[in-house]
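Novice: Need the 3D shape of this:
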Amino acid sequence: MTGSLLIREATVDDAASVARVRVETWRNAYAEIIPAEYLANLFYEGDAQHLRERLKTIEPEHFLLVAEI
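Specialist: Next up is the predicted model:
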């Protein structure tokens, strides 16, 4: 790995990237477990919008961390 790794608290601006990682991870990891129709109906933008709303109202004792290279 080149460069440095930064782990930080996620912001609303991270929602699209986190959503992309989550959707692709689910599609790959659960392909043989969850019905294909369900996985096909996971969309980046819908997931990102949900995450944006959650991050706007998240309680101080809850947080989401992201890793940046």
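
Novice: report the longest helix in this structure, please.
Specialist: Taking DSSP state H as the criterion, the chain has its longest helix at helix 15-29.

Novice: next helix or strand past that helix?
Specialist: helix 36-40 (DSSP states H and E).

Novice: Nearest residue to the residue nearest to the spatial centre of the chain in space, please, no chain neighbours.
Specialist: Central residue of the chain (Cα atoms, centre = their mean): Val18, 2.9 Å from the mean position. In space, Val18 comes closest to Leu51 once its chain neighbours are excluded; the distance is 5.9 Å by Cβ to Cβ, 6 or more residues apart in numbering. Using the backbone N, CA and C atoms, a C-beta is placed for each residue, glycine as well.

Novice: residue contacts, the one you found?
Specialist: Listed by Cβ atoms under 8 Å, 6 or more residues apart in numbering, the contact set of Leu51 reads Ala15, Val18, Ala19.

Novice: Next, the angle from the helix or strand hosting it to helix 15-29.
Specialist: Assigned by DSSP H and E, Leu51 belongs to helix 44-56. If you take axes from the mean of the first three to the mean of the last three Cα atoms, to 10 degrees, helix 44-56 sits at 120 degrees to helix 15-29.

Novice: Now helix 44-56: buried residues?
Specialist: Tyr44, Asp47, Ala48, Leu51, Arg52, Leu55 (16 or more other Cβ atoms under 10 Å).

Novice: Grab the nearest non-local neighbour of the second one.
Specialist: Closest residue to Asp47 in three dimensions, ignoring its sequence neighbours and counting by Cβ to Cβ, 6+ apart: Ala19, at 3.8 Å.

Novice: how many other residues sit next to the one you found?
Specialist: Ala19: 21 surrounding residues under other Cβ atoms under 10 Å.

Novice: go on, Thr25?
Specialist: Neighbours of Thr25 using other Cβ under 10 Å come to 10.

Novice: Use 14 as the first number for this chain going forward.
Specialist: Shifting the count to begin at 14 puts that one at Thr38.

Novice: So for it, what pLDDT did the model give?
Specialist: As predicted, Thr38 sits at a pLDDT of 96.

Novice: And it, how close does it get to Ala53?
Specialist: The gap separating Thr38 from Ala53 is 15 Å, by Cβ to Cβ, to the nearest Å.
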